[in-house]
Structure formats: structure tokens, C-alpha cells
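S.K.: Structure of the sequence below:
(chains A and B)
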Amino acid sequence: MSAVPLLKVNDVSKFYGSRIGCRNVSFELWPGEVLAIVGESGSGKTTLLSCLSTRLMPSSGVVEYHMRDGQYRDLARMGEAERRFLMRTDWGFVHQNPADGLRMTVSAGANVGERLMAVGDRHYGNIRATATDWLRRVEIEEDRIDDQPRAFSGGMRQRLQIARNLVTSPRLVFMDEPTGGLDVSVQARLLDLVRGLVHDLGLSAIIVTHDLAVARLLSHRMMVMKDGLVIEQGLTDRVLDDPREPYTQLLVSSILQV
Amino acid sequence: MPTPLVVSEVAKSFTMHLRDGIRLPVVSGVSFSVKKGECVVLGGPSGVGKSSILKMLYGNYAVDAGQILIEHHGHLVDLAKAAPRSVLEVRRDTLGYVSQFLRVVPRVSALDVVAEPLLARGAAQDEAREKASELLAKLNLPRELWQLPPATFSGGEQQRVNIARGFITDHEILLLDEPTASLDAKNRRVVVEMIAAKKAEGVALLGIFHDEEVRDAVADRILDVSAFSPRKAAA
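M.R.: Alright, predicted model coming up:
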């Protein structure tokens, strides 16, 4: 394990006018660590994820990222171009709705290849070979490489979105309800895939989900949010097996047993 | 004799916020230690807190008070206060756990479920799978099941997958929560032999065994958990 955190979050708050999005959130994310943020709709999970990934500017607080050159950079003080470059190369963002993360009218291969071109790859043969390899890793048949994602099922689109994000070997991936809207057998396949990739690539990830089973399967550590505040956090097993806060106990006791 | 596991004055209670905040004391003043090569068995009636102690030791339950000292890579870690990433590191390298039930992961084959703890420690895939095969063969799990995900296996088959997964690494401390509960006599004997082998290697074992025959065969010492139970006073 590396000796320094990849992401340092210090007292981040986001207000929408007088409404609270999220408030006073602090934590550190370490290399190889998967953090799940859980809580019901409107608890501030997605707002927090947006603040961390620079999709939103926090109202106050600091988010620092450990760059590949070994320096910490305050994300709010980065230039727009630099931030975009970070998002296209060292980071990934997997949206709940694949249409938000994919370009629906270009081919599957181009969706994956585009991120490679962002990091300077120009050789068409190499790009196509890498794209093919990534489609195989996310279990999309090679002969679908020239099809547009419009022609893909929901599960395939989500897998394509994951391939597009991981092709540049990012160190940090944000996921917003990656399995939401997929039927359970497709979910299982996706979870298994994400689990394997996180392990093989040593990725760090922050996953927003309201599904505690997804959190159990994928995450090492968990934060529970309610009304914009982190009310409980700890080892995922601990939070789920021995929830301490009233709201966490309610969440855990509300899981349906199959 | 080195003592890789020391538990000191550990207390645990549950506060049930959904039941008007009633507080259920589980155990208090739990103090004991396990030496290298020793198998300590937690004894006492059901509901006295045996499994809770194992779960605290593995980090699944929070601890209200006290220390859980584990010797990890030559230094002591207090698991009662350790940060999540330290707990995970201790689990990966030092502290193993065979739970009563297998947590099934969709689509992952029995062989890979067993091999996973070795892969997590950086072993090569072939080597990990080979070791997993040896263990599954030793535990008499039919070979045609190895490539299937264990979700549809019988209780005894799942338990054997779980045991193989727990025993595949050379962790120095092993927690066993009724590993033989749903096994037949033949496989119980296999597990008894495997535990004896771990003891011979110097592993410190702490377990719960309701089966008397198994308990008598593996235990060096029985620790009566009733002594730590608050209900003892009421009874």
C-alpha cells in the first residue's frame, strides 16, 4: 500500500442557495481503495460526488489530488484545461445513464478510442487494437466494434462506458449508481466485471449507490449520508454488520431478504 | 511462547435505535490470549456472545472498550481502534476468518472463490488455482463443481468452499466460526486434520465448535464465554 492518500477532502460543503447539498465532508481516499457513498435519494451523495470530481464547485472546503508527479493540487485552483485533461486521462466517471457518458452516434470503437487520442495516441491500428481488447475485457463481441451504442442494450452500454473510462488506465474512477436501471442478472455480470477490474488494475474508486448489496460487494469502506451530512463511516463490513446510527440501522434493516 | 493475539478488557453492547434505543449488553471484560500453535475454543451456551467476540476480532463489529492486539508484520496493531485500511491489511496478511456461511459472489467459480485470498496477496493465478484445487480435493468437493459459482451448492458444499478459502493462506491467526456445522463425519475428520496441521505450523487458532467430537479433537483449552456475559449476573 502506498504511503500517501490519492485524494484529500477537507470540510467540503455545497449549498444551493439556502438549501444544503452536502456539508462539512472530510475524508481521505487511499490508492487501491474503493469507497461507497450510500444514503437515500436527496441525501447529498451525488452532490458530493460532483464536488469531488470537479463537476461542481464546492461552496467551501478543499479537495486535493495527488498528481502523477507526486504533488498535491487543489482542484478548485486548477485551470479549466488542466482539469479537463485530468478528467479525460487520470480519472474516469461512470454515469448512471450510459448515454450521459458515451457519444451515442459514433461507433463503440471510437467511443473507446477517443480517450486514447486524448492522451496523444495517433496510430489508428494501435487504437483499434486497444479498443478491441477493451471490448473483449468488458465482454462485448468484437464484431460490434463498428456499431453505435444506440444499437446496444442497457447492460452493454454500461459495459462500453466502463471500457471507455478505463482504457487510459486512470487511477481514480467515480461511479454514480453504475448498476441502477439494469436488471439483476445484468447487474451481477457488471459487478463481477467491475470487481475484477478494480482488483487487477489497482484502481481507487468512489461509488455512489443506494444499493447496500452493491456496496458490500465492491467497497472496502463506506460513508452513510443523510441530509447532506456524513452520519457514519467505517469499514464496509462493520457499517453493515454493526450499524451504530439510527438512520444506518433503519437502512440496513430495510434490506429485503431473498 | 510468542502470543500473536491478545484481547484485553473488551466490552460490546448493541443500541437498538429502532426499538426505542434499548441497549443490549453482549459481553464485557473479555480478556484472553492465544499463543502460536494453540487452538482455543470459545465455549458456553448459544447467545452468550461467542460469535460476537469473533466478529469483533475480525472487525465486523465495533468495540465499545478495550484492546484487541494483533501481531502484524512484527509490530502490534490494536484492531479495536485501527483505521479501515489497517484492518484490511491485517486481514489480508495476518488474520483469517472462516465464517459459518459463505458469502456468494455472482458468477465467480468455487475455485476462484478459494484462490482469491492468495491472489490478493500477490500470488500468481496458476499457483493460486493449483493450491485451491489441492484444498478442494482434500475436502472431497466433487471436481465437477469447481468451475461453478457456489450459489447453488448444498450447505455442506458451500461450507467446504469456505473452509478451503480460509485455509489457503499462511495467515498466522485463524478465526473459525463453526466450520464443521454442516459437514458429514468424513469431512469433519478432514477439517480436524487440517486444523492439526495449522497448529503444527504455529498458527494461533480461535474457534467455536458445537460438535463435541471435533471440539475435543482440536481444543487445547476451552474458554467459557459465560464469564464475560452480563446475563450471568441475572441468571
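
S.K.: drop to CA atoms for contacts and neighbour counts, all remaining ones
M.R.: Will do.

S.K.: got a list of contacts for the strand or helix carrying B:Leu42?
M.R.: B:Leu42 is part of strand B:39-43 when elements are defined by DSSP states H and E. By Cα atoms under 8 Å, 6 or more residues apart in numbering or on different chains, the residues outside strand B:39-43 that reach it are B:34, B:50, B:199, B:204-209, B:215, B:218-226.

S.K.: elements contacting the longest helix along chain B?
M.R.: In chain B, taking DSSP state H as the definition, the longest helix is helix B:185-200. With contacts defined as 3 or more Cα pairs under 8 Å, 6 or more residues apart in numbering or on different chains; DSSP states H and E, the packing partners of helix B:185-200 are helix B:212-218.

S.K.: what does chain A have sitting close to chain B?
M.R.: Selection of chain A residues close to chain B by Cα under 8 Å from any Cα of the partner chain yields A:188-189, A:192, A:217, A:220-221, A:234-235, A:237-239, A:241-242, A:244-246, A:249-250.

S.K.: give me the residue from chain B nearest chain A.
M.R.: Proximity of chain B to chain A (Cα to the nearest Cα) peaks at B:Asn60, 4.3 Å away.

S.K.: which residue sits closest to that residue, ignoring its sequence neighbours?
M.R.: For B:Asn60, ignoring the flanking residues on the chain, the nearest one in space by Cα to Cα, 6 or more residues apart in numbering or on different chains is A:Arg238 at 4.3 Å.

S.K.: now B:Ile68
M.R.: B:Val7 (4.6 Å).

S.K.: and that neighbour, how many residues sit next to it?
M.R.: 21 (other Cα atoms under 10 Å in any protein chain shown).

S.K.: What average pLDDT does stretch B:77-85 get?
M.R.: For stretch B:77-85, mean pLDDT is 95.

S.K.: near chain A at all, that stretch?
M.R.: Yes - residues of stretch B:77-85 are located near chain A by Cα under 8 Å from any Cα, namely B:83-84.

S.K.: In that stretch, which residues are buried?
M.R.: B:77-81, B:84-85 (16 or more other Cα atoms under 10 Å in any protein chain shown).

S.K.: just to revisit the earlier point, and the next element down the chain from the longest helix of chain B?
M.R.: Next helix or strand after helix B:185-200 toward the C-terminus (DSSP H and E): strand B:204-208.

S.K.: Can you tell me what sits against that next one?
M.R.: Against strand B:204-208 from outside (Cα under 8 Å, 6+ apart): B:4-5, B:34-43, B:50-51, B:172-178, B:199.

S.K.: coming back round to it: out of the buried residues of stretch B:77-85, which comes closest to A:Arg164?
M.R.: Lowest distance from A:Arg164 to the buried residues of stretch B:77-85 (Cα to Cα) belongs to B:Arg85, with 29.2 Å.

S.K.: So the closest one, which state does it fall into?
M.R.: helix (DSSP: H, G, I helix; E, B strand; the rest coil).

S.K.: Kindly report the same for A:Met175.
M.R.: strand.

S.K.: what's near enough to touch it?
M.R.: For A:Met175, the contact set (Cα under 8 Å, 6+ apart) comprises A:93-96, A:205-208.

S.K.: for A:Arg157, same thing?
M.R.: Applying Cα under 8 Å, 6+ apart, we find A:Arg157 in contact with A:98-99, A:149.

S.K.: Now restrict the residues you listed to buried residues only.
M.R.: Neighbour counting by 16+ other Cα under 10 Å classes A:98, A:149 among the contacts of A:Arg157 as buried.
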